[in-house]
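# dropping a prediction and its sequence here:
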Amino acid sequence: MKITGGIFKGRELKSVADPRTRYTTSLVRQAIFSMIEVAGASFLELFCGSAVVSLEALSRGASSAVAVDISRKAVRTASENSRLLQANLKIVNADFERFLRTCEEPFDFVFADPPYNLGFVQRLLDLLSERPGIGKIIIVEKAVAESFVLPVTFLLVKTKKYGDTEILLLERNLGPRE
């Protein structure tokens, strides 16, 4: 698994030694970062696994990044990868719901890649809809088959499908635009 762009491009990262961990492929990461511009922005990754997406954001100029996962194995791997790149990545071992409920830090971007088809997408969007400072832009990697109801606080800007994976690009609905 390698970083696909920016100052760390081509650098190899470690993967989480857990068969339940599913990775955001390089193709999907390139697609995500072609849709958004993270230079100078704050970035939050939920369900981070190895933290490859956060490290990709830092590589591409994000001013700060926080990676969150409930798995201790994931957090250890994310820490090792951050050290390998000498990246300034903050890593938090926490449940995404607890983290979002207690987080006081604002973020420009939120990326989440929850386990597929377990209802996490709906829980995530509902909780983010209550936290307006966390994510002007929300990117969700989900199973194509997983359905959800989009809270009125978000606008669906774009979707992209890659096999059984779908990327949602959402932005906060700030009301009528002038």
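It's in. Residues are numbered from 1 along each chain as shown.

# what about the residue nearest to the spatial centre of the chain, which helix or strand?
Nearest to the geometric centre of the chain sits residue 111, at 2.1 Å (CA atoms, centre = their mean). Residue 111 belongs to strand 107-112 when elements are defined using DSSP states H and E.

# chain neighbours aside, what residue packs nearest to residue 30?
What sits nearest to residue 30 in space, not counting adjacent residues and going by CB to CB, 6 or more residues apart in numbering, is residue 4, at 5.1 Å. Every C-beta, even on glycine, is put in place using the N, C-alpha and C of the backbone.

# next one: phi and psi at that neighbour?
Here is the backbone geometry of residue 4 (degrees, to the nearest 10): phi -100, psi -10.

# burial of it, as a residue count?
20 (other CB atoms under 10 Å).

# next one: residue 70
Residue 70 has 17 neighbours, counted by other CB under 10 Å.

# would you state the helices of the chain in chain order?
Under the criterion DSSP state H, helices of the chain are mapped to 26-35, 52-59, 72-85, 96-102, 120-129.

# circling back: would you agree the residue nearest to residue 30 is in contact with residue 26?
Yes - between residue 4 and residue 26 there is a contact under CB atoms under 8 Å: 5.0 Å.

# on that earlier part again, strand partners (parallel or antiparallel) of the strand holding residue 111?
strand 42-46 (parallel), strand 134-143 (parallel) (DSSP bridges).

# for residue 59, which of those strands is the nearest?
Smallest distance to residue 59 across these (CB to CB): 11.0 Å, for strand 42-46.

# lowest-pLDDT helix or strand in the protein?
Sorting the helices and strands of the chain by mean pLDDT, DSSP states H and E puts helix 26-35 at the bottom, at a mean of 92.
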